[in-house]
Structures are given as C-alpha cells and as structure tokens.
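Chemist: Next comes the sequence, and after it the predicted model I'd like to discuss.
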Amino acid sequence: MTINKKNRTSKQVKFVVSALALMVACCFPTVSFSQNSSGTPYSMYGLGMLKDNYGPYAAMGGVSSAMRDGNNINFLNPASYTALDSNRFYLQFGIDGEYVQISTHTENMSYKVAQNSALCMALRFHRYVYGSFGFNQRANIGYDLYYYRVISGTGNEYYNQHISGAGGINDCYVGLATKFGNLSIGANASILFGNIEKGLTLTPSFPTSSSLDNSYNISSQTRTSITDFLIDMGAQYSFRPTAFSNLTVGATLNLPTHFNAEKNYLAYKINSSTSVQEVLNNETPQKGYIAYPFGFKTGVAYNYKDRWTVVGDYSFLQMSKYEEFKKSQDFDDYHKGAFGLSYLPARNGRFWWQHNSYNFGLYAVSSQLKLKDVSINTYGITAGVQIPVRIAYRELLLGIAFDYGIRGTQENGLIREQYGKIRLNVAFKETWFAKRKIY
Amino acid sequence: MHKKGGFIIFLLLVGIACNNDVTSIGQNLIDDQSNVEVIEYRINNTSTVRIDSFVTSETTTSTGTTTTTTMAAGRITDPISGTITATPFIVFEPANVPTIQDYYIYDSITLHISPAQKTWGDSLKLQKFYLHWLKELPKIDDYDYTIYNTYITPHEATPFDSIVFLPTQENFQHFYFNLNKNLGNTVYQMLKVKDENITNTINFLKWFKGIAFIPAPDNNCLMNWSSTSTDFAIQVHYHHDSQYYTYNINKASSYYYFNYVNIKHEPVMPYLSIIKQQDGLPFQTAKQVISQGLNGYLLKIQLPIHPAGEKYRTIIKAEIRLNAQYATATNNFHDLSTIAVYSSDEYNRILGSIAYNSSYSLSGRLVKDTYYPENDHYLINITDYYSNLMNNPNAGDINHLLVGIQSTLLSTSFDKMVIDELPLLRVYYAKYE
C-alpha cells in the first residue's frame, strides 16, 4: 500500500507539473509578445475588446453570476467555488477559436483567431475554505488598418495612414470562498498585467518626378504597460423553494480601481529619398493610471428536477468613468443581458447521451462604444453540450460551445462583424483527496 | 490517452490561430479629420535685383581644367529686360613655332572660330563683329586672377578688320574669316626669322596684346562661341609647291585669365530703377519678377516665418512654386530648365549655395504641362531648409534667398525666367499623435 501511495503521489506531482507547464505555454505567446488575439477594428478603443461571452458556460450565453456546480470552475463568481467537490482537485482550461467576417456597405473580408482563453485550478484548502487559481484574459487589442485621406487644403493630394494595435490585459488570479449555510461568499484577487502597443505610420503620397523631391514620412509607437491588482467579490445564495427545484441568486462586483500604468512614446520622421531617420519625440516614460470603473453582475438560476436549468444574467461596467492618464475616453456604460437554458436528460441514465447536458443561450450587449452617434451593440446566440467522461481515477468534462453573433452595424459607414466561435472547455476532476476504502 | 487527445486538440487550434491580414476595413471608424494639411503663403517680399558685377574671365578648377567652355558674343534687345551687348576680349598664345624655309610662300591669315550651338534672337540676319586691337593686356585682379563683366580694356578706336556671318545652326561648325593681309605678312615674317616676339609667349602677349570683338550696333543676335583654345585661333597659311601648311596661334590657354567678356546692359522700364545691387524692384511695382543671364537679374525672396508651432505637429514638406510666364510666339528666349537657389542677405549678395544633401545643392526645376502650358511652373523643394529655418531663433535674419539662373551661367547664357504671379510657399504639416 505504501508503494501504491507513493506511485499515486508521484503521478499527482507529474500531473501538476504538466499542468503548470501547460499554463506557462499558454501564457507565453500572449504575455511575452503581446500577440494580438483579436482582429476587429473595434478593439482600437480603450483597453480593447471586453470579453462578452466566456467562461465555462459560454454555451448558455455566458451566464455566470448564479451558476454553481461540482463539475466546472466558475471563476467568474468566486462564491461558486463552494459548490466544488471537497475531495477533488480540479483542472480546467478553455480554448477559443473564432472566425469573423467584417463588412461595410462597400467591402468585406475575414479573419481567424485562436487563443487559450483560460486555465484554472481549484480545490478545497480547508474544511470550510475552497480556492481557485488560474489565468485568463480580461481584454485584448488587435487591429491593423491601412487607409488614405485627402490632404486638407488640396483636392487631389493624398496621404496614406497605417495604424495598428496589439496586446491586452491578462489576469492571473487567486480566489477563496467559504459558505455560511445557504450563503456562499468569495473573492478573487487578480494581478492584471499586460502591454498595449499602438503604432501609426503616415506616408504622404506626393508624385515625385525628381530625386530632389523629398518629403518625410512619420512613424510613432505608443507602448502602455499596466500592472496592478483588482479584487472581484462574489456572493451566491442557493435554496430549494420546492422539493424538486433549486434557486440560486448570485452577484459579483468590483470597485473602481486605478491601474498603475506607464506610457512610452516614440515618434520619428523618415526622409522619403534617403531613408534617414530623425527623432521627433522620445519622451520619458509617463507614469499614470488607467481608471478601471465600477462593475457588477447579477443573475438568477432555477433548476428543476436536476434536468432543466434556466438562467438569467445582467452585467454592468461603468465605462463612462473610464479614464486613461486622467483623460476621459467618452465611453458609454457597458450593459449585457444573457439568458441560458440547459437540459440534462438523466444524470445516471443508461445511455451515454443521457449524461450530457445540452445548452442553449442568448445574449445582447450594449458596449461602451458609440461611434458617429451609433451605439455598437452585439447580439449572439449560443449552443453547446457538456459531455462527462469517466476515466480511471478522474473524471473529465468536455464542453463544446458554439457562438454566433453580430457586432456593430453598417450604418453611417461603420462596420458589421459576423462571427462564429467555437470553445472547447476541458475540466478534469482528480481524485487526489479521496480516501481509499479497503473491503 | 484522453490527456493526449486534449493536448492535440489544443495544438490544432493554436495551429490555425491568428490569421490577421492587413485590412482597409474600419477606416470609417477613424475620425474624418485629416492629419495632414497644406498651408499656402504668398511670398509678398519678392523683388527683382541685379547682380551688378560678376566674373566673366576664364577660371580653372583645382585640377587645371577651364570652367567655362563657351563665351557670350553679340548684341540683343529683350523687350522685357533691355539690351545686352557682349564683347569678347581675347588674347592669343603662340606655341611650337615651325621652321619656315625661305622658299615657302605665304598665302593668307584667317581667324578660325567655332561658335557654339546656342543663339538668342534673330539668327536669320547677318551679324557683324568689328575687330579692334587692344592697347594693353587686360588688367586682372592680383588676388584671384579674375576680370569682371564691367571692365573694358582700352582698345584702338578704329577696327582693323571685321567679320560677317549668318548665325544659323547649320553654319555653326567652324568659321574661317580672312584677316588683314598686312597683319598676315607681318606675322609670317616673324615666323620665318623666329622673331623673339613670337617665339617667346610673354613677348608675344606684350606685342600682340589681343583683340576685342565688338558687335555692330544693329546686331540682334546673341551667341555662345566656343572658348576652347583649339576652336579659336589665328591661322597663318603658307605653302611650298603642293604642300600646304597652317600655323595656329590659339587663344591663350596658359594665360587663360586674360580672356573675358565685357557685358553692357541697357535696361528698360521698369528695371531702370534698379541702380545698385542693393536696390530691388518689388513685384507689386513691376507686376512681375525676372531672372536672366548676362544682365544679372535674380529673384529676391524673403521667406515668411511660420513655425510649426505646437507639439506633435511637424513639417513634412515645403516647396516654393513659381508660375512661369507662358512663352508666346514672339518670345523666343529659352526658359530656364533648372534654377539655382542661393542664400542672401539684406544687401542682395550671393552668400553661397544651400546644400540639399551631401551631393546636391538646393535647386528648382521647370515643370511643364504638356496640355496646358499656362500651368508651367517652377518648383523648389525646400523641406529640410525650411524646417531648419523655422527652428532657428534668428530665422527673421536669415530667410533671404536669391533664385534664378545659376551663377556659372550668369556670364554665358541669356536664358530667362519670368514670373508674373507672387511666388507661393506651400508647407505641409502633419499631426501625428
């Protein structure tokens, strides 16, 4: 028995080391190279695209406030950790793939993106304390625009402008939760860090019929580095209004926070004939803060006979108070409403398909962006399935979610994006803390 | 097995990741405001000035080659700028005196010239030049061995000979004119006896001195004559039986600095008012400004001072546009194809060229419109110059420019540029933050 215990411990160590290595591998491209994991031009504002629909319940419209179960790590509401199995170690990671078709009233194109979206672990630390730690992404920027404009004061001279952006905000968190009867409370402490790099190249398009016709192109880069902490607090209250039903009310909130930030700016001009560069601005790093606003989520989940689950969620982020280096960005507040439906035929049914939960959802987002007097909204429909897989010494829950949505509009010359996303969520439940029984 | 499967799925998804192409979609999200603007300033302080004296004698480079290959000769009246009379003063230099036997027979003495390919004015009328002996060698500046356009070497009042020819392009190869027979006999005898006045160059210069080629008062054509020594010679011809010989006394090459051109300018209104080099005729008075060779007219421009000013705004291009007067059928003077730009001061002096880069000096070029010749204009790109000027706290003192014919052509070319609109300074500013 001693040998078996040693073998088991060795396997656990190997598993944790592999998980940590996988976490680093997933983090590395996004963190080190500020890889743009988004191609939407709408990400050029503020911190970029906020995550509209993510987490383990992406197939249900991304609901999270009132969701709690023993199979998924719902890192979006830390109070849900108390629903996890006290004898299990959880490892969960998600991968998103996205195909987006962008169009205006005159042209269209597409792009593809794939990224690791979250990696987290959870376990019970103490009799009454559950915890989770992991990594995910709060926001990302990725755009690359090339266009021309008429030179003001002329009718037939143009200049080309190329703007690009890459980077995002990463979230490395540690969360704890405890339970007082039907009430669970928890908090995630996150280290938010990331770089946002924005570039601009301005190239006049002057006709040159002589090598003595020189002009200058302009190139500039802005790099904003953010590192700070954020606390997300959560609470859930779950009770049984009837013998066959369960009702959960949940909420999370974060207080307004100033993220320490440092901005570096470099601009130079390049002679179009000789390519000689001359520095225009090489400013000393500007230290300041990003004013991250107040936000909260609330939701209700109703479960009937462990088969049907109906969920409603509302999210709010006071983006009108968002500031960068004391400068308001004139954003609107962010609102999201989501509805989710889940059906589990029979948890212990005879057939494999009866064990799966089939999910469906809808969501609508009124984002912080208002361009040319038009609000940029997102509407999405989701569907998916969670498939439990029982294997030796562990359980695996494989979640597949499909998300189809429309963001923006072609009105007023803006762009509309039609996207299709697929998310794979894999959750392992390890039996590390289960005591062996001797018969 | 399941872990491996999950990892493979992860790799597959990452493998198709991040296909983000550069796109032009989304430009309408960007503010319509243009980040580049051009601001035009009329250069009100524009005038015509006259360089009243300039070097017309031959000079050489550091390697010893002569800088001028042509010289102006003739007389012409331009209805805009007035009358120019260009008189070459030439000295000759014998070399390698031959041995002439007693039985050789003298034939003739001729003047050989090779007028260059360029003319201004009426080339279909006979042009006459009177040849006058110089009374003395031309006086040169002891410091730099130069002679200016205004200097006249004393010469005999009565010409000893004259030459007449039609300066058409077909005739502009080599001309041979018979000169005075007495002169020829004298020189021939000196050659036969190897007189020291012909075997010794200095003595020859002192004895022969030189010839002034004075255009007749009714000439109406200005020419460029080749100033290469072998294209300008007095030739003595003699023979024995059927053998014919020619001895060339070429234009001086060792004493090149004695050769120069006197240029006399008789202006007409309104340019009569320009008396000294410090005087300028404002555009607002004459309604035009001109630059032309031989009479020394150049444009004087004082650039307006408009700094780039605010932060994150810089000059990306600056140019001066000069609208050229459309050359009509009656105006057959050549347009300048390139124009020079010099720094100047309040006294209208040429202070020097303005470096464009390590290889070129600042200059302008004629931009011709094939379909609308009235749109012909000169463009001078002054991007770097103007940017540096605007960053100079003393910009108001150093913003003087002289624009027009290159100084090296001032003594040989009658090309001109007539500008009948105030010059325009166009500055392109870019905001980049």
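Modeler: Nice, thanks for sending it over. Residues are numbered from 1 along each chain as shown, chains lettered A, B, ... in the order given.
Chemist: which residues sit in contact with B:Ala72?
Modeler: B:86, B:88, B:222-225, B:261, B:263, B:294, B:411-414 (CB atoms under 8 Å, 6 or more residues apart in numbering or on different chains). In this view, the C-beta of every residue, glycine as well, is placed from N, C-alpha and C.
Chemist: now these in a markdown table, with distance to chain A?
Modeler: Formatted as a markdown table, the contacts of B:Ala72 follow (distance: CB to the nearest CB, whole Å):
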| residue | distance to chain A |
| --- | --- |
| B:Ala86 | 32 |
| B:Pro88 | 35 |
| B:Leu222 | 30 |
| B:Met223 | 31 |
| B:Asn224 | 27 |
| B:Trp225 | 32 |
| B:Val261 | 31 |
| B:Ile263 | 31 |
| B:Leu294 | 27 |
| B:Ser411 | 25 |
| B:Thr412 | 24 |
| B:Ser413 | 21 |
| B:Phe414 | 25 |
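Chemist: Let me know the closest of these to A:Leu396.
Modeler: Checking the contacts of B:Ala72 against A:Leu396 by CB to CB gives B:Ser413 as the nearest, at 91.8 Å.
Chemist: How is that closest one assigned, secondary-structure-wise?
Modeler: Look at B:Ser413: counting by DSSP: H, G, I helix; E, B strand; the rest coil, its state is coil.
Chemist: Can you tell me what sits against the helix or strand where B:Thr83 lies?
Modeler: Using DSSP states H and E, B:Thr83 sits within strand B:82-90. With CB under 8 Å, 6+ apart as the test, strand B:82-90 has contacts from B:71-78, B:134, B:138, B:153, B:210-215, B:222, B:225, B:232, B:251-252, B:258-268, B:271, B:294-295, B:414.
Chemist: how far out from the middle of the chain is it?
Modeler: Strand B:82-90 sits 16 Å away from the centroid of its parent chain (CA atoms, centre = their mean, to the nearest Å).
Chemist: That strand pairs with which strands, and in what direction?
Modeler: strand B:70-78 (antiparallel), strand B:211-215 (antiparallel), strand B:260-266 (antiparallel) (DSSP bridges).
Chemist: Turn the ones you listed into a markdown table, including distance to B:Asn185.
Modeler: Compiled in a markdown table, the strands paired with strand B:82-90 are given as follows (distance: least, CB to CB, whole Å):
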| stretch | distance to B:Asn185 |
| --- | --- |
| strand B:70-78 | 28 |
| strand B:211-215 | 18 |
| strand B:260-266 | 30 |
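Chemist: Turn those into TSV, including mean pLDDT.
Modeler: Below are the strands paired with strand B:82-90 laid out as TSV (pLDDT from 0 to 100):
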stretch	mean pLDDT
strand B:70-78	92
strand B:211-215	95
strand B:260-266	95
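Chemist: that older thread, list only those of the contacts of strand B:82-90 flagged as buried.
Modeler: B:71-76, B:78, B:134, B:138, B:153, B:210-215, B:222, B:225, B:232, B:251-252, B:258-263, B:265, B:267, B:271, B:294-295, B:414 (16 or more other CB atoms under 10 Å in any protein chain shown).
Chemist: In chain B, what residue lies closest to chain A?
Modeler: B:Gly26 (2.9 Å; CB to the nearest CB).
Chemist: so where's the stretch 51-200 of chain B shaky on pLDDT?
Modeler: The model of the stretch 51-200 of chain B has pLDDT under 70 over residues B:61-68, B:116-117, B:169-173.
Chemist: which stretches of it form helices?
Modeler: B:181-193, B:196-199 (DSSP state H, counting those that start in this stretch).
Chemist: Could you say which one of those comes nearest to A:Trp353?
Modeler: Of all the helices of the stretch 51-200 of chain B, helix B:196-199 sits nearest to A:Trp353, with 125.5 Å by CB to CB.
Chemist: residues in contact with that closest one?
Modeler: With CB under 8 Å, 6+ apart, helix B:196-199 has contacts from B:Pro94, B:Val97, B:Val187, B:Met190, B:Leu191, B:Asn203, B:Phe204, B:Lys206, B:Trp207, B:Phe208.
Chemist: Check those residues one by one and keep those near chain A.
Modeler: Applying CB under 8 Å from any CB of the partner chain to the contacts of helix B:196-199, one finds that nothing falls near chain A.
Chemist: Enumerate every residue touching B:Val236.
Modeler: B:Tyr106, B:Ile109, B:Gly184, B:Val187, B:Tyr188, B:Leu191, B:Thr246, B:Tyr247, B:Ile249.
Chemist: which stretches of chain A have low pLDDT?
Modeler: A:1-38, A:207-212, A:432-439.
Chemist: Likewise for the stretch 201-350 of chain B?
Modeler: B:308-309, B:326-333.
Chemist: Give me every residue in it lying close to chain A.
Modeler: Residues of the stretch 201-350 of chain B lying near chain A (CB under 8 Å from any CB): B:Lys311, B:Tyr312, B:Thr314, B:Ile315, B:Ile316, B:Lys317.
Chemist: Hmm, B:Tyr432 and the third one touching each other?
Modeler: Yes. Taking contacts as CB atoms under 8 Å, B:Thr314 lies within contact range of B:Tyr432: 7.2 Å.
Chemist: For these two, list the residues in contact with both.
Modeler: Common neighbours of B:Thr314 and B:Tyr432 (CB under 8 Å, 6+ apart) are A:Ile218, A:Leu280.
Chemist: hey, where'd the strands end up in the stretch 1-150 of chain A?
Modeler: A:49-50, A:89-103, A:108-126, A:129-150 (DSSP state E, counting those that start in this stretch).
Chemist: before we move on, the earlier item: ok, and the closest non-adjacent residue to the residue of chain B closest to chain A?
Modeler: A:Pro41 (2.9 Å; CB to CB, 6 or more residues apart in numbering or on different chains).
Chemist: so the one you found touches A:Ile415, yeah?
Modeler: Yes. Contact criterion CB under 8 Å: A:Pro41 and A:Ile415 qualify, at 6.3 Å.
Chemist: Give me the common contacts of the two.
Modeler: In contact with both A:Pro41 and A:Ile415: A:Ile102, B:Ile25, B:Gly26, B:Leu29, using CB under 8 Å, 6+ apart.
Chemist: Neighbour-wise, which one of those leads?
Modeler: B:Gly26 (25 neighbours; other CB atoms under 10 Å in any protein chain shown).
Chemist: near chain B, which residues of the stretch 301-439 of chain A?
Modeler: A:Leu371, A:Lys372, A:Val389, A:Ile391, A:Leu396, A:Asn412, A:Gly413, A:Leu414, A:Ile415, A:Leu424, A:Val426.
Chemist: buried subset of those residues?
Modeler: Buried among those (16+ other CB under 10 Å): A:Leu371, A:Leu396, A:Leu414, A:Ile415, A:Leu424, A:Val426.
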